[in-house]
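Novice: coords please:
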Amino acid sequence: MLLTIDVGNTRIKAAVFEENTLTEVFIFTKESLLDEVQTILKNFPEIENLVVASVGTIEKKEFLSLENKMKIHFITQESAFPFTNAYSTPKTLGIDRMVLAAGAVLQFPNQHRLVIDAGTCITYDFIDDNNTYFGGAISPGIRLRYQTLNDYTAKLPLLTKKDPYHFIGNSTEEAMHSGVINGVALEIDGFIELYQSQYAKFIIILTGGDAEFLAKRLKNTIFANSNFLLESLNQTFQYNQK
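Specialist: Down below sits the predicted model:
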């Protein structure tokens, strides 16, 4: 069995895999990392490998205390990936975006792919049918937009995501919900239309913590999977083993 861990900007997600079958998903804070992993290992003693990708602030050394329990593998920019990287600044490309691109190539071969990761930031990553990674875009995610409205104004409150009743907000809070939620949905649809103007056909993969919340608001047909990064971590590990 395999344990994958995605260290994000705001939280940690983990998943247990039996080969390519996802068994269970866990979400926890960075402060509880070791305790949570110990609990997972207690419940799944068959785990032999831990695969880690991190864009957060947790150092590798924090995982090394687990070396006596299983083999630890860090996915880095030096790992093998199933695509040609045409990004002009490859050293600045986040490992999460690289893993998502790898998962898109391995799960959806021989076609154009657009991966949209709706988390703290919203990232767009495009890989063509020749398995060339070109890049994409980065913008603030839902929570970050709400936080920015509160941080950089004197009187706007800090809200959490909520469906706006109408695109015309009839109160300050409803106007904020409309601006943030409709703004994100229109942004995503707008980016998809830009890609459609250049590429006749491609698969759209929507993932991240806000994937399920946003999926029903988008007018384009998408493949929504909030665990796509965890699955891609497993597949990237298997690809490196081969």
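Novice: Quick check on the closest residue in space to residue 165 that isn't next to it in sequence: phi, psi?
Specialist: Counting by C-beta to C-beta, 6 or more residues apart in numbering, the nearest residue to residue 165 once its immediate chain neighbours are dropped is residue 174, at 6.1 Å. Where C-beta positions appear, they are placed from N, C-alpha and C, glycine not excepted. When read as degrees, to the nearest 10, the backbone of residue 174 gives phi -70, psi -30.
Novice: right, and residue 174 touches residue 166 too?
Specialist: Yes. Taking C-beta atoms under 8 Å as the definition, residue 174 is a contact partner of residue 166 at 7.5 Å.
Novice: just to revisit the earlier point, ok, the residue nearest to residue 165 - contacts?
Specialist: Residue 174 sits next to 164, 165, 166 when contact means C-beta atoms under 8 Å, 6 or more residues apart in numbering.
Novice: okay if I get those as TSV plus pLDDT?
Specialist: Putting those into TSV (pLDDT from 0 to 100) gives the following:
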residue	pLDDT
164	91
165	89
166	91
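Novice: which residues sit in contact with residue 75?
Specialist: By C-beta under 8 Å, 6+ apart, the contact list for residue 75 reads 51, 52, 53, 95, 98, 99, 233, 236, 237, 240.
Novice: Including distance to residue 214, could the contacts of residue 174 go into JSON lines?
Specialist: Below are the contacts of residue 174 laid out as JSON lines (distance: C-beta to C-beta, whole Å):
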{"residue": "164", "distance to residue 214": "13"}
{"residue": "165", "distance to residue 214": "17"}
{"residue": "166", "distance to residue 214": "18"}
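Novice: how about the residues you listed in JSON lines, adding secondary structure?
Specialist: As requested, the contacts of residue 174 are exported to JSON lines (DSSP: H, G, I helix; E, B strand; the rest coil):
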{"residue": "164", "secondary structure": "coil"}
{"residue": "165", "secondary structure": "coil"}
{"residue": "166", "secondary structure": "coil"}
